[in-house]
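Engineer: No letters, just coordinates:
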């Protein structure tokens, strides 16, 4: 149940209302963006809610219990503060969303209608549709350790213990030529074996994608020619001479932990757990 200020309640009781919707996005880098369906900008709590930004919202769906409530927000990239490159780079992933009902004639009369975070974002050209998930969806995320065959630690974290700053697990390179925003040949990595950086992390240190970190899909070293392919496109075009750093990858298997990192003592999986063949096996009577 929403708690309304006496002034807002009196405004609603008057039946001649001046109401609008305001949305505020807070990205992981703490950048706050505000939008409204009113025809003028609205300012409150230190945020300017931009008018005519192209936002439209579906109906809000509420459910009983702990099921996830959601709605969808549809927009065109018509605001100067909404950039397609930022969406592609994941800057809006899991961004905090606050939805207000506001008296645009007196913005101090407002009520917070919904809090949540951005879920799935679908893009088509300059249009995008973003799912706004209720806070209950965090209760459905796995917490704690997982009983599984592979390791559930992240390479280089406290539980893993490997230092990715060690020269054996870190490299610096530059782009020689790019065939797309995901695939390019590189210099500076010839000393590393084929596949060493597969599933690792590449961070650009110059160019249009400066600061962007992308997971590496494949790494090949064929007769001294190093080719890297990324899982996601880089932000902006890739150009010759653009620099980056890379860290080694791990496929989370115990054999890799032992042979590549000599770190099996810190392996956080259960490599000896029985598989499906054990579950489906049946006893046989001896001859």
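Structural biologist: Looks like it arrived, so ask away. None of these values were measured; they are calculated from a predicted model. Numbering: from 1, shown residues only.

Engineer: So which residues of this structure form helices?
Structural biologist: With DSSP state H as the criterion, the chain has helices at 6-13, 84-88, 254-261, 276-280.

Engineer: and the third one, how far from the chain's centre?
Structural biologist: With CA atoms, centre = their mean, to the nearest Å as the basis, the distance from the averaged C-alpha position of helix 254-261 to the chain average is 28 Å.

Engineer: Pull out the buried positions in it.
Structural biologist: 254, 256-257, 260-261 (16 or more other CB atoms under 10 Å). In this view, the C-beta of every residue, glycine as well, is placed from N, C-alpha and C.

Engineer: from what I can see residue 102 touches residue 109, true?
Structural biologist: Yes: using CB atoms under 8 Å, residue 102 makes contact with residue 109 at a distance of 7.3 Å.

Engineer: Which residues are in contact with the residue lying closest to residue 7 once chain neighbours are set aside?
Structural biologist: Distance criterion CB to CB, 6 or more residues apart in numbering; nearest residue to residue 7, sequence neighbours excluded, is residue 109 at 5.1 Å. Residues near residue 109 by CB atoms under 8 Å, 6 or more residues apart in numbering: 5, 7-8, 11, 102-103.

Engineer: Try it again at 10 Å.
Structural biologist: Residue 109 makes contacts with 4-12, 18-19, 44, 101-103, as judged by CB atoms under 10 Å, 6 or more residues apart in numbering.

Engineer: now residue 173, which residues is it bridged with?
Structural biologist: Counting by DSSP bridges, residue 173 forms beta bridges with residue 244.

Engineer: To what extent is it buried, counted in neighbours?
Structural biologist: Here the count is done by other CB atoms under 10 Å, and residue 173 has 23 residues near it.

Engineer: That one and residue 196: what is the separation?
Structural biologist: 12 Å (CB to CB, to the nearest Å).

Engineer: what's the overlap in contacts for these two?
Structural biologist: 189, 246.

Engineer: wait, which of the contacts of residue 109 is closest to residue 285?
Structural biologist: Comparing the contacts of residue 109 against residue 285 with CB to CB places residue 101 closest, at 73.1 Å.

Engineer: What's opposite the closest one in the beta bridge?
Structural biologist: Legend: beta-bridge partners of residue 101 under DSSP bridges are residue 21, residue 111.

Engineer: do you know how far it is from residue 284?
Structural biologist: The gap separating residue 101 from residue 284 is 70 Å, by CB to CB.

Engineer: Likewise for residue 203?
Structural biologist: Noted for residue 203: a distance of 55 Å to residue 284, by CB to CB.

Engineer: Who has more neighbours out of the two?
Structural biologist: The neighbour comparison of residue 203 against residue 284 (other CB under 10 Å) goes to residue 203, with 15 against 6.

Engineer: List the residues that contact the more buried one.
Structural biologist: 209-214, 243-247.

Engineer: Buried only: go through the residues you listed for me.
Structural biologist: Using 16+ other CB under 10 Å, the buried ones in the contacts of residue 203 are 209, 212, 214, 243-247.

Engineer: I'd like the residues you listed written out as a markdown table, with distance to residue 86 and pLDDT added.
Structural biologist: Converted to a markdown table, the buried ones among the contacts of residue 203 look like this (distance: CB to CB, whole Å; pLDDT from 0 to 100):
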| residue | distance to residue 86 | pLDDT |
| --- | --- | --- |
| 209 | 12 | 87 |
| 212 | 10 | 87 |
| 214 | 14 | 91 |
| 243 | 22 | 96 |
| 244 | 20 | 96 |
| 245 | 22 | 96 |
| 246 | 23 | 97 |
| 247 | 24 | 96 |
